[in-house]
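>>> sequence and predicted structure are below.
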Amino acid sequence: MTSKSNISNSKSPHKAKATPAHKQLTLGRSLWITGDKAALKTAIALDLAFSANTSTKFLNYFELPYKDPEPVFYFEGHDKEIDMQIVRDRIAVLERSRKGVRYETIFRKYPNSVALQSPNGPESLQANVEREEAKLCLLDHPRPAFPRSLSAYRFDRVFFRETLDRYAKCGEASKCTMALVTLTGAWGHEADEEFGEWAETVIHLDSCERTHRGIFALNLCIKEQSSERSFGLTIDQGWQDQRLGGNWDVTVRAKKTKK
């Protein structure tokens, strides 16, 4: 048997080049993915999930802080069948782009939204995350997680903040990144302010424009503490279907850095 020391000595003496800072994505205990309508939020969130599970680059560009493939816990909160079908179609596209990786082996789907709507929703979610030993938990369209604070009559900011803090504690206790995916402005300006203050990292998507043959162009902004980075994305989803297509080829271009 070859010892570890022999293995290390047999490698090239040249050290691997460090990944530039602008190509790294630091995931803390709280992440907010938000953007305009039809800005491919769910597709990009699913790309993040696939990347974490396969220990590959997010959007084929950003290095994630995972050395090994990690379990991913994914909650699909869309309540319309057409939205669910879009998610299933996008999962199928990602599976084809990452050969050998199947949906069932990646996600631990939350059974339903009833538990999230209960008073112990965050704690119930934490128990599931810890059981699966997930390092990333994505709540896509998580309206059921905030039932009381988003009534038709008023926005209960105090309750909303308390609920966010409970999900942050859930991530801290389970050593898991808690990620929420929402439409910008869908829950009001006050809710967006709370999301922004809560999240250690914010990924914002906007200016999505479909050019031709299923090619989309959009901007991506990453905010981490005091820094802000902007990128341009070109996503080729193929021309077979005007909305989904059959590909997922992503090109990322760094635009500018703010500090």
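Structure's in. What do you need?
>>> quick check: which element contains residue 85?
Following DSSP states H and E, the helix or strand that holds residue 85 is helix 81-97.
>>> can you map out the helices along the stretch 1-150 of the chain?
Shown for the stretch 1-150 of the chain, the helices assigned by DSSP state H, counting those that start in this stretch span residues 4-10, 41-54, 81-97, 103-106, 114-117, 121-132.
>>> tell me which residues in the helix holding residue 85 are buried?
Judged by neighbour count (16 or more other C-beta atoms under 10 Å), helix 81-97 contains these buried residues: 86-87, 89-91, 93-95, 97. All C-beta atoms are positioned from the backbone trio N, CA, C, and that covers glycine.
>>> any low-confidence regions in the stretch 1-150 of the chain?
Confidence mapping of the stretch 1-150 of the chain against pLDDT under 70 gives the ranges 1-17, 78-84, 86, 99-117, 147-150.
>>> tell me where the stretch 151-259 of the chain has strands.
Secondary structure of the stretch 151-259 of the chain, counting by DSSP state E, counting those that start in this stretch: strands at 177-183, 201-210, 215-224, 227-236, 249-258.
>>> what about the fourth one, distance to the chain center?
For strand 227-236, the gap between its own C-alpha mean and the chain's C-alpha mean amounts to 15 Å (C-alpha atoms, centre = their mean, to the nearest Å).
>>> would you turn the buried residues of helix 81-97 into a markdown table with distance to residue 227?
Rendered in a markdown table, the data for the buried residues of helix 81-97 read as follows (distance: C-beta to C-beta, whole Å):
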| residue | distance to residue 227 |
| --- | --- |
| 86 | 33 |
| 87 | 31 |
| 89 | 35 |
| 90 | 30 |
| 91 | 32 |
| 93 | 32 |
| 94 | 29 |
| 95 | 34 |
| 97 | 30 |
